[in-house]
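Peer 1: Pasting the sequence and the predicted model now:
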Amino acid sequence: MATSPPSAGTMPPLTDLNDDQAHLQWILLDAAMGMSKHQLLPDTQAAEQAK
């Protein structure tokens, strides 16, 4: 059974977490928004080259 990541309203503030927990929370938030940091860099580079 798949579960969705917790919403931002149910997560503790990132300042209350250790580094590993904070990193995991960012991954979950990015996944919930459909964002991939691995895709952001090539997209940004392509946009810069298109200027």
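Peer 2: Good, I have the coordinates. Numbering: from 1, shown residues only.
Peer 1: rest of the way, CA atoms for contacts and neighbours
Peer 2: Will do.
Peer 1: Check which helices and strands the helix or strand of the chain at the bottom of the mean pLDDT ranking sits against.
Peer 2: Ranking every helix and strand in the chain by mean pLDDT, DSSP states H and E puts helix 19-32 at the bottom, with a mean of 83. For helix 19-32, there is no helix or strand it packs on, judged by 3 or more CA pairs under 8 Å, 6 or more residues apart in numbering; DSSP states H and E.
Peer 1: Go again with 10 Å.
Peer 2: Using 3 or more CA pairs under 10 Å, 6 or more residues apart in numbering; DSSP states H and E as the contact test, the elements touching helix 19-32 are helix 37-50.
Peer 1: May I have the helix it packs on exported as PDB, CA atoms only?
Peer 2: Output of helix 37-50 as PDB, limited to C-alpha atoms (Å, rounded to 0.1, in the frame of the first residue of the first chain):
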ATOM      1  CA  LYS A  37      16.800  18.700  -8.300                       C
ATOM      2  CA  HIS A  38      18.500  16.500 -10.800                       C
ATOM      3  CA  GLN A  39      16.400  18.000 -13.500                       C
ATOM      4  CA  LEU A  40      16.600  21.600 -12.300                       C
ATOM      5  CA  LEU A  41      20.300  22.000 -13.200                       C
ATOM      6  CA  PRO A  42      20.000  20.900 -16.900                       C
ATOM      7  CA  ASP A  43      16.800  22.900 -17.200                       C
ATOM      8  CA  THR A  44      18.500  26.000 -15.800                       C
ATOM      9  CA  GLN A  45      21.600  25.500 -18.000                       C
ATOM     10  CA  ALA A  46      19.400  25.100 -21.100                       C
ATOM     11  CA  ALA A  47      17.500  28.300 -20.200                       C
ATOM     12  CA  GLU A  48      20.700  30.200 -19.800                       C
ATOM     13  CA  GLN A  49      22.000  29.000 -23.100                       C
ATOM     14  CA  ALA A  50      18.700  30.000 -24.800                       C
END
